[in-house]
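[1] Sequence and predicted structure, then a few things I'm wondering about:
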Amino acid sequence: MNPNPNAAEYLIRAAAGQADADPQETGEWLEAFDAIVAREGGARAQYLFDRLADHALQRGVQSQRERVTPYRNSIPLSRQPHYPGDEALEAKLGAAIRWNALVMVMRANRNGGDQGGHVASYASAADLFEVGFQHFFKAEGHRDGADLVFFQPHSAPGVYARAFLEGHLDEQHLDHYRREIGGHGLSSYPHPWLMPDFWQFPTGSMGLGPLNAIYQARFLRYLHHRGLRDAGQRRVWGFFGDGEMDEPESIGALSLAAREGLDHLSFVINCNLQRLDGPVRGNSRIVDELEALFTGAGWHVIKVLWSSDWDLLFARDHGGELLRAFAQTVDGQFQTLSANDGAYNRERFFAQSPELAALVADLSDADIDRLRRGGHDARKLHAAYAAAVAHRGQPTVILAKTMKGFGMGSAGQGRMTTHQQKKLDAEQLRVFRDRFAIPLDDAAIESLPFYRPAADSAEMRYLNARREALGGCLPRRRAQSTQTLPVPALDAWAKFALEADGREMSTTMAVVRMLGNLLKDPMLGPRIVPIVADEARTFGMANLFRQVGIYAPHGQLYEPEDRDTMLYYREETSGQILEEGISEAGAISSWIAAATSYSVHDLPMLPFYIYYSMFGYQRVGDLVWAAADQRARGFLLGATSGRTTLNGEGLQHQDGSSPVMFATVPNCRVFDPSFASEIAVLVEHGMRAMLDQQRDEFWYLTVGNANVPMPSAPAADDAAWREGVVSGLYRHSGNADAAAQLLGSGAIMSEVLRAQALLRDDFGIVAAVWSATSYSELQREGIACERAARLSGAMRGSFVERQLTATRGPVIAASDYVRAWPELIRAFVPRRYLTLGTDGFGRSDTRAALRAFFEVDAESIVIAALHALALDAAIDPDTVAAARQRYGREHIDAEPWRR
Ligand SMILES: Cc1ncc(C[n+]2csc(CCOP(=O)(O)OP(=O)(O)O)c2C)c(N)n1
């Protein structure tokens, strides 16, 4: 018999994998090692083990060991600290919270309510949360400042149930779970938009929580290193499901967290072994897989698999029988064991060998039934959380093994269908009540009452005292910052744009120059966060490397190759630019962290994330919605935008739709500006809205890479021009008598201006050109007018109508995006309206060829204008035919979107 359970597991693995060529020799090595452990202790054994591993590496021998430790708790009983809580009182509180969470969901679904909700997930997560609430989660009033806690979304009922006990929510709230319209509502999942004083982080879309938690932790360090906020002892806690770890986003930033040594970050993975449909890893063990994954990524891993009830069994188990049995049990089987009673477990698990059976021989079936998993034991969890807090240099993940539907008995514990379970029948309710000793009698529970212990009861006093000691209630979201940031005068940073006087530049160049200037502002400058995903050089931002440096927590540990150049690649601990590498999801997560800093840290920051526009919404649309939900404030700059403007890059790079997609986000304001002066006005207006007025909106601006002559801001009627730029439409050139109105924007404005010249030179027609900076702003205003008229009879013409009514002739819009973008305003255009756009697949060619192909070049715009004029009987139809002939557009191919 081998006295070392680790060795037992090793031998099992060895037997399953490589055959042991010389078992006797192996045994001697292991025995020698065991002797050192026994005689000189673990530290000495570890030293020798590491020395041997180093030595082996020097000899070219590499370990083939899996990065998995035996299937038991990482913290042995001997290192488990004293539990500081009052377990009896905590049990009472935990039971009340479990009950109310269950009842809340049941009430939402009775009498045909059918509101949905989940019971089984919180049943598994309850102790994970409670140990945090009772002993770890610090709130605003704590001297260390508030922790950031990401809650598993479908366990939200448990968080509400606790807030109810604490007195922050009342019965009416609980009765409005998932009924949010009309006040007092509680969101299905954490939604700051809908509960702006409560939830901080939206986690309802699986995978975004883990990713965002890492970047929030990273941003906390960034603020600290830049001297803007002392990170102190604040921690980031993330509670996530084991199924949720399937999401690529969940694991995409693990190595960043380790690389940057984010030791104030802890993940707690609720390993209840099940997801929605069935087991997470039926045929293997998710705990092993996650342990290997996190260890490989450089995290500190703590496993909490077995409760204190098992300590005695492990102590008795000199032969490593338990580990041997665990090693041979896959998760699908563990789930079946959890769905069945003690007798079944004795028969199907402990009867595997006489030694194993002997371990539980003196336990009744009821005792076996009560052998809990580690994630349901506050002592074990507390030990793990405390170890995570104490650990230095690495983030920590706690893999807590739980049972899905814990305590739901036949109604759901470990059942395949438990995720969907929303009610318990009367008998099951009684079992649940008895299981957690909830003081409600049979008659009472039928009516599904909420249960709050008396205010002066020992448990309620304990609850309040614990939260008071930890600084107050949580979750709690700050809706407004106590600070506002002054917006610098426009002239100080955008004079070059307002007085461009025909100088050629691209809008990308213009916005980057504005950014460089704003960074120099003594008040606002330090609060700006420039963010790139490995494209700073593409957008001409290399000068910022030198100007403000690239954030690198460990500084620059090498001599950069370009050290002798003006714009060398300068990394430093206090660097300001967040250079995220090729991770758009990471970059926007950094942007979210900066854009919510006004709330999370009471420190307004102003992030500018500039990226290839195609790799924006379409790549990270779900994160854009998460940003909107948490009321992010900042700028997103979609650079090299447009389908035909980034001409050489082809299909996957050419963005023809981002403004339309961003326009679906209610608090996103979308602009497709044409000129540097417009960008100046928009950036200023956006800053005023977000920093000064503290409006919960964010601004998306497209910018292009084509150099075009930039007009100065008009000298006359400056206020009307500014209003037009911000509202979405102003007349750029031409007068009220013009025979046609051409609407242009962004990259296609140059073609619209050329069309204006062609109409004049080739056909003697005077057309006015309008800059349509935002079709979505125009549309929002238009539908608001329409609604007001419909509901209140207030007849007010839309902005579009008011601008165009005093003009004449057809209106023709051309855009480098799909027609759906200019089509947004069709309802409000008072006359014939014809739209041109780039519907279809992008492809590589010259800009001229692409614009001809998509029919958005000047010639196509002229033909469209003439066609509209002919339909209005303003000109002879022959003129249109003449134009087609003149521009060589007589041959008709299939529509561009079918090619
Ligand atoms: C992106 C996304 N896809 C799917 C869902 C639907 N969904 C909600 S919970 C869930 C299962 C979660 O399993 P797990 O993470 O293991 O948590 P558990 O409830 O088992 O604790 C799924 C698929 C979602 N919320 N988000």
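    Nice, thanks for sending it over.

[2] Every contact and neighbour count from this point should use C-alpha atoms.
    OK.

[3] The residue sitting nearest the centre point of the chain - nearest residue in space that isn't next to it in sequence?
    Nearest to the geometric centre of the chain sits residue 208, at 3.6 Å (CA atoms, centre = their mean). In space, residue 208 comes closest to residue 249 once its chain neighbours are excluded; the distance is 6.3 Å by CA to CA, 6 or more residues apart in numbering.

[4] how much space between that neighbour and the ligand?
    Distance, residue 249 to the ligand, using CA to the nearest ligand atom, to the nearest Å: 10 Å.

[5] what's the answer for residue 300, then?
    To the ligand, residue 300 is 21 Å away according to CA to the nearest ligand atom.

[6] tell me which parts of the stretch 251-400 of the chain are close to the ligand?
    270, 272, 274-276 (CA under 6 Å from any ligand atom).

[7] now do 8 Å
    Counting by CA under 8 Å from any ligand atom, the stretch 251-400 of the chain comes close to the ligand at 270-277, 280.

[8] Can I have the buried ones of those as a ChimeraX selection?
    What follows is the ChimeraX syntax for the buried subset of those, where burial is set by 16 or more other CA atoms under 10 Å:
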select :270,271,272,273,274,275,280
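
[9] and the two most separated of the residues of the stretch 251-400 of the chain next to the ligand?
    Greatest spatial distance among those (CA to CA): 270 and 277, at 16.5 Å.

[10] What parts of the protein come near the ligand?
    Residues of the chain lying near the ligand by CA under 8 Å from any ligand atom: 120-122, 124-125, 152-155, 204-207, 240-245, 247, 270-277, 280, 404, 419.

[11] Can you list which of those residues are found in strands?
    The members of the residues of the chain next to the ligand that map onto strands under DSSP state E are 240-241, 270-271.

[12] Just the closest residue of the stretch 1-150 of the chain to the ligand, please.
    Closest residue of the stretch 1-150 of the chain to the ligand, CA to the nearest ligand atom: residue 121 (4.3 Å).

[13] what about that residue, neighbour count?
    Per other CA atoms under 10 Å, the neighbour tally for residue 121 reads 29.

[14] so what's it up against?
    Taking CA atoms under 8 Å, 6 or more residues apart in numbering, we find residue 121 in contact with 154-155, 404-405, 419.

[15] on that earlier part again, now, which of the residues of the chain next to the ligand lie within helices?
    Using DSSP state H, 120-122, 124-125 are the members of the residues of the chain next to the ligand that sit in helices.

[16] now, which of those sits nearest residue 640?
    Nearest to residue 640 out of those is residue 121 (CA to CA; 44.7 Å).

[17] Wasn't residue 345 part of a helix?
    Yes - when DSSP: H, G, I helix; E, B strand; the rest coil is applied, residue 345 is found to be in a helix.

[18] Mind putting the ones in helices among the residues of the chain next to the ligand into a markdown table with distance to residue 39 and pLDDT?
    Below are these laid out as a markdown table (distance: CA to CA, whole Å; pLDDT from 0 to 100):
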| residue | distance to residue 39 | pLDDT |
| --- | --- | --- |
| 120 | 47 | 93 |
| 121 | 45 | 96 |
| 122 | 45 | 96 |
| 124 | 41 | 97 |
| 125 | 41 | 98 |
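
[19] Top of those residues by number of neighbours, please.
    In these, the most neighbours by other CA under 10 Å go to residue 125, 31 neighbours.

[20] And that one, how close does it get to residue 435?
    Note on residue 125: its distance to residue 435, by CA to CA, to the nearest Å, is 17 Å.

[21] Which helix or strand lies directly C-terminal to whatever helix or strand residue 24 lives in?
    Here residue 24, judged by DSSP states H and E, is contained in helix 23-40. The first helix or strand that comes after helix 23-40 along the chain, using DSSP H and E, is helix 42-58.

[22] starting at the chain centroid, how far to that following helix?
    41 Å (CA atoms, centre = their mean, to the nearest Å).

[23] which parts of the next helix or strand after it are buried?
    The helix or strand immediately downstream of helix 42-58 is helix 87-108, counting by DSSP H and E. Under the neighbour-count criterion of 16+ other CA under 10 Å, helix 87-108 has 89-108 buried.

[24] go on, stretch 140-154?
    Buried residues in stretch 140-154, counted by 16+ other CA under 10 Å: 140, 142, 144-154.

[25] ditto for stretch 822-839
    Quick answer for stretch 822-839 (16+ other CA under 10 Å): 822-831, 833-839.

[26] follow-up on the earlier one: can you give me the distance of the residue of the stretch 1-150 of the chain closest to the ligand to residue 91?
    From residue 121 across to residue 91, the span is 19 Å (CA to CA).

[27] next one: residue 328
    Separation of residue 328 from residue 91 (CA to CA): 34 Å.

[28] tell me the angle the helix holding residue 24 makes with helix 42-58.
    If you take axes from the mean of the first three to the mean of the last three CA atoms, to 10 degrees, helix 23-40 sits at 140 degrees to helix 42-58.

[29] other SSEs contacting the helix or strand containing residue 266?
    Residue 266 belongs to strand 265-271 when elements are defined using DSSP H and E. Strand 265-271 sits against helix 120-135, helix 208-225, strand 236-241, strand 396-401, with contacts defined as 3 or more CA pairs under 8 Å, 6 or more residues apart in numbering; DSSP states H and E.

[30] any idea which of those is most buried?
    Highest mean neighbour count of these: strand 396-401, a mean of 28 (counted as mean count of other CA atoms under 10 Å).

[31] Average pLDDT for that strand, rounded please.
    For strand 396-401, the mean per-residue pLDDT is 98.

[32] in its sheet, what does that strand sit against?
    With DSSP bridges as the test, strand 396-401 is paired with strand 265-271 (parallel), strand 300-304 (parallel).

[33] export it as PDB, just CAs?
    These are the backbone C-alpha positions of strand 396-401, laid out as PDB (Å, rounded to 0.1, in the frame of the first residue of the first chain):
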ATOM      1  CA  THR A 396      -6.100  33.700  -8.600                       C
ATOM      2  CA  VAL A 397      -8.800  31.400  -9.800                       C
ATOM      3  CA  ILE A 398     -10.800  29.400  -7.300                       C
ATOM      4  CA  LEU A 399     -12.400  26.300  -8.800                       C
ATOM      5  CA  ALA A 400     -15.300  25.600  -6.500                       C
ATOM      6  CA  LYS A 401     -17.100  22.300  -7.000                       C
END
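
[34] Now residue 424. Nearest residue, chain neighbours left out?
    Excluding the flanking residues, the one nearest residue 424 by CA to CA, 6+ apart is residue 411, at 6.2 Å.

[35] what about the closest residue to residue 95 other than its chain neighbours, neighbour count?
    In space, residue 95 comes closest to residue 436 once its chain neighbours are excluded; the distance is 5.4 Å by CA to CA, 6+ apart. By the criterion of other CA under 10 Å, residue 436 has 16 neighbours.
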